[in-house]
Every structure is written in structure tokens, then in C-alpha cells.
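*Asks:* Predicted model and sequence below, questions to follow.
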Amino acid sequence: MRDWVLFTESSPNVGGQELQLMQQMRELGERGFRSVLACRPQSRVMEVARQRGLDVLPLRFRNSLHLPSILALHGWMRRHRPRLAICHSGHDSNNLAIAARLMGRGRPFLLRSRTYQPGKASAWSYNQLVDATMLPSAYLKRCLLENPAIRADKLHVVYPGIDFAALDQAAALPLPAALEQWLSRSSGPLLVQAAMLRGEKGHRTVLAALALLKDKWPDARYLIAGEGPEQQAIAELARQLGLQDRVLLAGVVSPVAALLARADLVLMPSSYEPLGMSQIEALGLGVPVLASDTGGIPETMRHGETGMLVAPEDSAAWAAAIDQALTQPALMKAWAQTGRDDVRSRFAPERNLRQILTLSGLDAMGV
């Protein structure tokens, strides 16, 4: 019988991390493993996992010490004896750790995926809760190690894997009709940002930069894909700056790859970003990128080689960078092609999975 891998996720919503674990489940299946995702019933996570043909184990994960979830996890693990268990969010990580330790000998290797650290990092959760934690960037590892009590040997940088083949297919799909209609109204340079509408994502910085460039690039367009609490504030600022005719808040765009592929520039102006995915996907499609020189973003691209890194929250610097990029499209395209080769190598799904198997000791199986 094939070896099992257990995934747990107590978040009800689907974001980058949830899509990443579903991709890992698929990759594991292609390599001879069986995997199951323990997640909340009737959640968006369960819905998407089932749509993708993945096995699910419905658990409520009501809190970090939810006895029914702990007992269900313990029972499932005793029956199936998984070699590896991968957790993510707080509730599922705590429940899994308790259930696994109730097994005594023969428990699975506990690997936690941590994509960001809200608040002060607890040494106990990293040193004792799980066997190892994988992080998306060296930047996040440095942040965690600011707490000297956290053991460095427990933290491992594992870059996410991106399914570039699927990205290529999605990039060739049509955009929604309303979006196509808006794009057809002008042939000016198209600047695209795909991100949650939150303050740290830097939409205000771009709007202020475009206001500075209004006379030189009067037909430049800024298309914002995403949703979030800043939507009304962003729309109001665009109106105040006289940019409302050139700015579109498009909401969630699917497939977003088709939008990225249409852009002259993809922007990532975040003030904080543990790694970021949009700029990696854009480079993977050979689209020029301007991104903030902050957090883990510089690990994904090289200034003056694969794109441009710009000081965060500096609208004048962003205006200068946008102006330079639009003035030199051939150079930007050449950098993007170099970036395409780079990210497709470093962020390949196969590389991501091999690191996970190595961490958990399953690489000895010849996978």
C-alpha cells in the first residue's frame, strides 16, 4: 500500500497557501503517495479541494484544543499510519501536534508551513510544537530568529512551487467581457497590480506616482485586481487625483494569469511582503515587473537584471521607476525574459516537493 501524507488546514478560505498545499497533494499523488486534507466541512477549502479531485477529511477545528478534532485525527493516523503530516494555521497545527503525540512511537513527521508571523514569535511553537517549519523566504527566517530562543535548525527556507505549465494555459484564456471592454477603450500603457486591497499592498503609492506622471504619460492605465477593505478609499483617492478614468478596480479577476500576460508592467508596491507571488508569476510569463525593495521580494528578482526594485512608500521613486520602465520597454522585456528562466528554475513545483521530502526523510524512497 502506498504511504499516506496528511495535510491539515483550519482556515475556511482559499488563498495562496491553500492552493499551494493542494498542488503539493497533486504532486505527491503523481509520485506514488496518497494524501488527504483535513479541513472544515462546508468551507471554501473543502469545496475547492473536492473540485480538484482531492481526498478530504471533514473536521471542525473549532479552537486550538478541540477534542473531537484531536480524536478524529488520532484515529485516522492510527489507521493509516502517515509518514508525514503538514499543517499550517494555528488551530489545525495545535490539534495535529496533540493527536500525533498521543500515538507515541510511529507518529508522522510534523512539518509546519508558516507564510507569515503575526505578532511576536513564540519559541515553543517553533521548537516544540512541530519537528520542522518551512518558511517561504530567508527574510522571514531572519525575522523569526530575532527571538534568540528560537532554534535556527528548526527553520527551513522552502520556496513555494508554482505550476508554470498551468500558468501558461491560464494566460491564454480570455478575460471577462466587461474587462475586455474597458481595455479596448485605450491603447495606453497598462499597469497591473493583483493583490488584496489592504494598506500594506501599496495602491496609494502607485496612485500618487501616476499623479506625478499625469502630464508625461496621460494615457497610462492602472488596473487593480483584487478585493479587500481598502476598496472605497482607493477609489476615492483616484477620484481626488483626477485619475478615475484611467484606474479600474476590477475585483477578483479569473484567470489572473490572463490579465498579467496583457500588462506592459506588473507592479508589486507592497510596504511589507514575506515573499510575494504576483511578481514571480508575472516574471514566469515574461512580463516586466517593478516591485518594492522590501521583505522577501528581493529574493525573487534582481534589480537591473530581472526587473526593478523600488523603495516602498516613496511615490517619487515609483514615478521615476515607472517613467524609466515605460521609456525603455525593450530593456524591460529583456530583463523579464531573464527573470522568466530564473523563476521557472527556482520556483518549480518539483524543487519545492523535493525539499519537503528531504526535510521529512522521505527522499530515501527514491522520489
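*Replies:* Received it, and whenever you're ready, just let me know what you need.

*Asks:* what about the strands in the stretch 51-200 of the chain?
*Replies:* Under the criterion DSSP state E, counting those that start in this stretch, the stretch 51-200 of the chain contains strands at 55-58, 84-87, 109-113, 132-135, 155-157, 190-194.

*Asks:* which one of those strands has the most crowded surroundings?
*Replies:* Across these, averaging neighbours per residue (mean count of other CB atoms under 10 Å) puts strand 84-87 on top, at a mean of 27. In short, each C-beta sits where N, CA and C put it, glycine included.

*Asks:* How about the contacts made by residue 121?
*Replies:* By CB atoms under 8 Å, 6 or more residues apart in numbering, the contact list for residue 121 reads 143-144, 146-147, 150.

*Asks:* can you tell me how far it sits from residue 275?
*Replies:* 17 Å (CB to CB, to the nearest Å).

*Asks:* Then residue 222?
*Replies:* For residue 222, the distance to residue 275 - CB to CB - is 24 Å.

*Asks:* which stretches of this protein aren't confidently modelled?
*Replies:* Along the chain, segments meeting pLDDT under 70 span 1, 364-367.

*Asks:* Domains in it, by residue range?
*Replies:* 4-161+348-365, 165-346 (automatic domain parsing).

*Asks:* how close does residue 12 get to residue 149?
*Replies:* 32 Å.

*Asks:* Any of the contacts of residue 121 buried? List them.
*Replies:* 143-144, 150 (16 or more other CB atoms under 10 Å).

*Asks:* Which one of those residues is nearest to residue 350?
*Replies:* Comparing the buried ones among the contacts of residue 121 against residue 350 with CB to CB places residue 144 closest, at 26.8 Å.

*Asks:* my read: that closest one touches residue 156, true?
*Replies:* No: contact criterion CB atoms under 8 Å: residue 144 and residue 156 do not qualify, at 11.4 Å.

*Asks:* does residue 38 count as helix, strand or coil?
*Replies:* strand (DSSP: H, G, I helix; E, B strand; the rest coil).

*Asks:* for the one 4 residues further on, same thing?
*Replies:* With three-state DSSP as the basis, the three-state label of residue 42 is coil.

*Asks:* Can you tell me how far it is from residue 58?
*Replies:* For residue 42, the distance to residue 58 (CB to CB) stands at 8 Å.

*Asks:* cool, and residue 240?
*Replies:* Residue 240 sits 48 Å away from residue 58, going by CB to CB.

*Asks:* Over to residue 290?
*Replies:* Taken as CB to CB, the span from residue 290 to residue 58 is 43 Å.

*Asks:* Same check on residue 72?
*Replies:* Distance from residue 72 to residue 58, by CB to CB: 9 Å.

*Asks:* likewise residue 147?
*Replies:* In terms of CB to CB, residue 147 sits 36 Å off from residue 58.

*Asks:* and what of residue 25?
*Replies:* Separation of residue 25 from residue 58 (CB to CB): 16 Å.

*Asks:* Next, the buried residues of the lengthiest helix in the chain.
*Replies:* The residue-count maximum for a helix in the chain (DSSP state H) belongs to helix 329-346. Going by neighbour count (16+ other CB under 10 Å), the buried part of helix 329-346 is 332, 335-336, 338-340, 342-344.

*Asks:* Ok, stretch 206-224 next?
*Replies:* 206-213, 217, 220-224.
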